[in-house]
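1. model this:
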Amino acid sequence: MSTTEEKDQFTGLILLTGIDKPGITATLFETLAPFSLIVLDIEQVVIRERLILTLLIACNPAHSEAIDTDLEDLAKTLDFDIATSFSSAAISSIAAKTGLVHAVLLSPKLLPSAVAKVAQTISELGGNIESISRTASYPVTAIEFVISNADQKELKSSLAAVAIEQGVDIAVQPGGLMRHARKLVLLDVDSTLIQQEVIELLASKAGVNAEVVKITDAAMRGELDFEQSLIARVALLTGLPESAISQVQSEIVLTPGARTLIRTLQRLGHTVCVVSGGFHNVIDPLLKELSITHYRANTLEIAGGKLTGKVIGPIIDRAAKAQALKDFAAIEKINIDQTIAIGDGANDLDMIAMAGLGIAFNAKPAVKAAADSSVSAPYLDSVLYLLGIGREEIEEADSHS
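-> Residues are numbered from 1 along each chain as shown. Now for the predicted structure:
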């Protein structure tokens, strides 16, 4: 289109609202079809049973009055509200937004005050909300904001404070094509992939649960060196019959949403890996059942059908977990920026810091403070919403499997 032609064009904004029923969109465009106009932008949503459709067009200014008249007649026919606004803005002024940032807000009970604070913070930083959409309504509500003109690091820092103040979870990520790139997701096991701490289950069989829990809690708070704490806890298991391992395996309970998270990520071509300060002896069968091929954990030494109170080989500690993330990413040829690490304790801090997106899952305060984002609801599949994967998409995929 030439510059002269652009000057002769009006832009018209059409807003249509009413109770949704089949054929509304088709009827609107059939009404507009006889006119010489160009569709510039369109967005349509249905909330409950109410349709909201916005349409931006370019048209000859001489046609605006006739378009208005036909749309007034259409509004009466459909029993809809239709509003129009025409201006002399040039088509060339309507440009695609770049450098967009996505902020996902999670809460099991989303209050207006939280949304208001998020919007206010975005505005104060000079950002503009381009769109807002709901990606999940249960077991948590997930709302995604697409934001322009905002510095990602500044926004992430400011919204982290909002999350703490409002008691919600917020994740900030860059937009663009790479948001949909293949990911590597590394999961901690104890109190993340599963609901229990494996060593505590073993300790219960050995009658030393209280002693082990005390050491575990101190280690997860970062008050004890993990390697020393593990050695001390495993020593308390000396003499425990090997048969206790199979008993513990039968007691393991996956975190709600764990299977959905793993299944969905694998369907989409992402790689799910596991690293644990727990034990191969216990978790290997579960990981094979979940089709997880990359995993690292400690190994309990067994002699004469009993635990010796020692571990075999290097201990999987905080540094080893970060190394596992790096190694698995190299094996899968995935850039470290496209990795996600999920954990709950101090032992997970290094891998959370190294990953492109570090997520604290029902974590200790120190881990929440260090992570890019946190999930406070006890549903592991909530992580999918942070990645822009909606609940309806997940359920549709499950229904067709």
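2. please count neighbours and contacts with C-alpha atoms only from this point.
-> Noted.
3. checking F145 next. Helix, strand or coil?
-> strand (DSSP: H, G, I helix; E, B strand; the rest coil).
4. tell me what it is bridged to.
-> Beta-bridge pairing for F145 (DSSP bridges): A103, I132.
5. right, and it touches H102 too?
-> Yes - if you go by Cα atoms under 8 Å, F145 and H102 touch, sitting 5.7 Å apart.
6. just the helices from the stretch 251-400 of the chain, written as ranges.
-> 258-267, 280-289, 318-332, 349-354, 365-370, 382-386, 391-399 (DSSP state H, counting those that start in this stretch).
7. TSV for the ones you listed, including mean pLDDT?
-> Formatted as TSV, the helices of the stretch 251-400 of the chain follow (pLDDT from 0 to 100):
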stretch	mean pLDDT
helix 258-267	96
helix 280-289	98
helix 318-332	98
helix 349-354	97
helix 365-370	88
helix 382-386	93
helix 391-399	84
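8. let me see the backbone angles for the residue sitting furthest away from the middle of the chain.
-> Most distant from the centre of the chain: A62, at 48.6 Å, with distances by Cα atoms, centre = their mean. Note on A62: backbone dihedrals following degrees, to the nearest 10 are phi -70, psi -20.
9. pLDDT score for it?
-> Note for A62: predicted pLDDT of 88.
10. how near is it to S36?
-> 10 Å (Cα to Cα, to the nearest Å).
11. can you report how many residues lie near L236?
-> A count of nearby residues for L236, using other Cα atoms under 10 Å, gives 21.
12. likewise V198?
-> 22.
13. so what's L53 up against?
-> L15, L16, T17, I42, E43, Q44, V45 (Cα atoms under 8 Å, 6 or more residues apart in numbering).
14. what helix or strand is the second one on?
-> This points to L16. Using DSSP states H and E, L16 sits within strand 10-19.
15. for the next helix or strand after that strand, name the packing helices and strands.
-> Later in the chain than strand 10-19, the nearest helix or strand by DSSP H and E is helix 24-32. If you count contacts as 3 or more Cα pairs under 8 Å, 6 or more residues apart in numbering; DSSP states H and E, helix 24-32 packs onto helix 64-78.
16. bridging residues for R296?
-> Note on R296: beta-bridge partners by DSSP bridges are V275.
17. that one: neighbouring residues, count only.
-> Count around R296 with other Cα under 10 Å applied: 19.
18. would you mind measuring from it to T339?
-> To T339, R296 is 17 Å away according to Cα to Cα.
19. what's the spacing between the nearest residue to Q166 once chain neighbours are set aside and S373?
-> Using Cα to Cα, 6 or more residues apart in numbering and skipping the chain neighbours, the partner closest in space to Q166 is A114 (5.7 Å). Here A114 is placed at a distance of 16 Å from S373 (Cα to Cα).
20. circling back: now the strand holding L16, how far from the centre of its chain.
-> 33 Å (Cα atoms, centre = their mean, to the nearest Å).
21. and the pLDDT for E165?
-> Reported pLDDT for E165: 94.
22. dump the helices of the stretch 251-400 of the chain to JSON lines, plus mean neighbour count and distance to D190.
-> Below are those laid out as JSON lines (neighbours: other Cα atoms under 10 Å; distance: least, Cα to Cα, whole Å):
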{"stretch": "helix 258-267", "mean neighbour count": "18", "distance to D190": "12"}
{"stretch": "helix 280-289", "mean neighbour count": "16", "distance to D190": "10"}
{"stretch": "helix 318-332", "mean neighbour count": "19", "distance to D190": "13"}
{"stretch": "helix 349-354", "mean neighbour count": "24", "distance to D190": "15"}
{"stretch": "helix 365-370", "mean neighbour count": "19", "distance to D190": "15"}
{"stretch": "helix 382-386", "mean neighbour count": "24", "distance to D190": "17"}
{"stretch": "helix 391-399", "mean neighbour count": "13", "distance to D190": "25"}
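23. out of the ones you listed, which gets nearest to G126?
-> helix 382-386 (23.2 Å; Cα to Cα).
24. got a list of contacts for that closest one?
-> V104, T135, A136, V140, A142, A171, G257, L261, V375, G390, R391.
25. which ones among the residues you listed lie within strands?
-> Secondary structure from DSSP state E places V104, T135, A136, A142, A171, V375 of the contacts of helix 382-386 in strands.
26. next up, phi/psi of E197, please.
-> When quoted as degrees, to the nearest 10, the phi and psi of E197 stand at phi -100, psi 120.
27. what's the closest non-adjacent residue to L55?
-> Of all residues not flanking L55 in the chain, I42 sits nearest, at 4.5 Å (Cα to Cα, 6+ apart).
28. I'd assumed the one you found was in a strand, is it?
-> Yes - checked against three-state DSSP, I42 lies within a strand.
29. who's in contact with it?
-> Residues in contact with I42 (Cα under 8 Å, 6+ apart) are L53, T54, L55, L56.
30. where in the stretch 1-150 of the chain is pLDDT low?
-> 1-9, 89-98 (pLDDT under 70).
31. picking that back up, do you know which of the helices of the stretch 251-400 of the chain lies nearest G239?
-> Comparing those by Cα to Cα, helix 280-289 comes nearest, at 15.7 Å.
32. one step back: quick one, which of A114 and S373 is more surrounded?
-> S373 (27 against 18).
33. residue contacts, the more buried one?
-> With Cα under 8 Å, 6+ apart, S373 has these contacts: A160, D169, I170, A171, V172, L357, G358, I359, A360.
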